[in-house]
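[1] no sequence on hand, only this structure:
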């Protein structure tokens, strides 16, 4: 059995399909999706439907991302349109639902409601969309919204002295609770890196699909990864979130 972590998709169904085809999934494989399935490219509703269908064939874990929360709020109440969400991919997501029935929308809302904020596997590997702040681990996090909004975990790691001994009193306590941590949310392309980034025991698999980057699928055992084409090349008549 193999386990894959798939980074932020942001409505890029064509990219997601490319990644899954390259992974050549087999019976028994597990796929952990890191959140942000919607907002950006034109096929957000189609991505959600595809994921629902995929989960009937493969063992899938779907983590909740911040864009998924905003989309769910709109599906629950069509008047609940977060202004920031609308400008950062929400408009395209709303348009992608034009051909979907009310029954479909209710199914998608239930999908979003069911998404966990984090997942810890049997080998104590943590998967979540963004980060957490508690020095005592995710179970002690007082502000649950940080699981899909926090950037301080990744910011801390970017400034970490990687020569520091793990036994040092200065070594970050919050990452010591887990064998490995997998996140999305902050594109690696922000740091001129088109690939997944690894700092300490944390892996960031958001490779900028919302903008000019790719969707990535990472084998968490071997650390080998596959990627889609750059999203603008798959949706040449669209801007995604490049505005």
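    Happy to help now that I have it. Source: prediction; values computed, not measured.

[2] drop to CA atoms for contacts and neighbour counts, all remaining ones
    OK.

[3] what residues does stretch 71-90 touch?
    Contact with stretch 71-90 is made by 38-41, 67, 70, 91, 93, 105-106, 109, 112-113, 240-241, as judged by C-alpha atoms under 8 Å, 6 or more residues apart in numbering.

[4] first-to-last residue distance for that stretch?
    7 Å (C-alpha to C-alpha, to the nearest Å).

[5] got the buried residues for it?
    71-75, 81, 85-86, 88-90 (16 or more other C-alpha atoms under 10 Å).

[6] who are the neighbours in contact with the spatially closest residue to residue 59 that is not a sequence neighbour?
    Counting by C-alpha to C-alpha, 6 or more residues apart in numbering, the nearest residue to residue 59 once its immediate chain neighbours are dropped is residue 30, at 4.9 Å. With contact set as C-alpha under 8 Å, 6+ apart, residue 30 has these partners: 1-4, 58-61.

[7] against residue 215, how distant is residue 30?
    17 Å.

[8] for residue 99, same thing?
    25 Å.

[9] more neighbours: which of the two?
    residue 215 (31 against 9; other C-alpha atoms under 10 Å).

[10] in this protein, which helix or strand is least confident?
    Using mean pLDDT, DSSP states H and E, helix 83-85 stands out as the lowest-scoring helix or strand of the chain, at a mean of 90.

[11] which stretches of this structure form strands?
    Counting by DSSP state E, the chain has strands at residues 3-6, 30-33, 59-62, 118-120, 125-128, 180-183, 197-199, 202-204, 216-219, 225-227.

[12] quick one: low-confidence ranges for the protein?
    Along the chain, the model assigns pLDDT under 70 to no residue.

[13] helices of that one, residue ranges please.
    13-23, 44-54, 66-76, 83-85, 91-96, 102-114, 146-149, 152-158, 231-234 (DSSP state H).

[14] now the ones you listed as CSV including distance to residue 127?
    Formatted as CSV, these follow (distance: least, C-alpha to C-alpha, whole Å):
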stretch, distance to residue 127
helix 13-23, 19
helix 44-54, 18
helix 66-76, 15
helix 83-85, 24
helix 91-96, 25
helix 102-114, 16
helix 146-149, 10
helix 152-158, 13
helix 231-234, 24
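
[15] about what we covered before: distance to residue 191 for the strands of the chain - can I get that in JSON lines?
    As requested, the strands of the chain are exported to JSON lines (distance: least, C-alpha to C-alpha, whole Å):
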{"stretch": "strand 3-6", "distance to residue 191": "19"}
{"stretch": "strand 30-33", "distance to residue 191": "22"}
{"stretch": "strand 59-62", "distance to residue 191": "26"}
{"stretch": "strand 118-120", "distance to residue 191": "25"}
{"stretch": "strand 125-128", "distance to residue 191": "21"}
{"stretch": "strand 180-183", "distance to residue 191": "16"}
{"stretch": "strand 197-199", "distance to residue 191": "10"}
{"stretch": "strand 202-204", "distance to residue 191": "12"}
{"stretch": "strand 216-219", "distance to residue 191": "16"}
{"stretch": "strand 225-227", "distance to residue 191": "18"}
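
[16] returning to what we had before: what's across from the residue nearest to residue 59 in the sheet?
    Per DSSP bridges, the residues bridged to residue 30 are residue 3, residue 59.

[17] tell me which of the contacts of stretch 71-90 is nearest to residue 182?
    residue 67 (18.0 Å; C-alpha to C-alpha).

[18] who's in contact with that closest one?
    36-39, 85.

[19] pull the most distant pair out of the residues you listed.
    37 and 85, at 13.6 Å, using C-alpha to C-alpha across these.

[20] any residues touching stretch 132-145, and which ones?
    With C-alpha under 8 Å, 6+ apart as the criterion, stretch 132-145 contacts 117, 146-147, 150, 152-153, 173-175, 177.

[21] repeat that for stretch 43-50.
    By C-alpha under 8 Å, 6+ apart, stretch 43-50 touches 10-13, 37-38, 92-93, 96-97, 108.
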